[in-house]
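>>> Give me a 3D structure for the following:
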Amino acid sequence: MDLQALAASMRDAPNGENFLTAPITIEPGLTSEVKQVVECTVRFSSAKPQPDVVGFTFNW
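So this is what the prediction gives:
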């Protein structure tokens, strides 16, 4: 997963959370290689440096 692409995609969600999306390759270089898109919803808190992951989806 390209973490820079994921971070660059961040936008505000209507409920105050943040929505991120990026392409991902599963089993790269193998005959079973699959390309998908990951969608992630996170919530930031001033109490800790890393956000909480609220939702995570693979779009086939």
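
>>> ranges for the helices of the chain?
Remark: helices assigned in the chain by DSSP state H are 3-8.

>>> Roughly how far does the residue nearest the centre of it sit from Leu30?
The central residue of the chain, meaning the one whose C-alpha is nearest the mean C-alpha position (Cα atoms, centre = their mean), is Cys40 at 3.8 Å. Using Cβ to Cβ, to the nearest Å, we find Cys40 at a distance of 25 Å from Leu30. Any C-beta I mention is one placed from the backbone N, CA and C, and that applies to glycine too.

>>> Tell me who's in contact with the closest residue to Phe58 other than its chain neighbours.
With Cβ to Cβ, 6 or more residues apart in numbering as the criterion, Phe58 has its nearest non-adjacent residue at 5.0 Å, and that residue is Gln36. By Cβ atoms under 8 Å, 6 or more residues apart in numbering, Gln36 lies in contact with Pro23, Ile24, Thr25, Ile26, Phe58, Asn59, Trp60.

>>> circling back: give me the number of neighbouring residues for the nearest residue to the residue nearest to the centre of the chain once chain neighbours are set aside.
Taking Cβ to Cβ, 6+ apart, and ignoring the residues beside it in sequence, Cys40 has Leu20 as its nearest neighbour in space, at 4.7 Å. By the criterion of other Cβ atoms under 10 Å, Leu20 has 21 neighbours.
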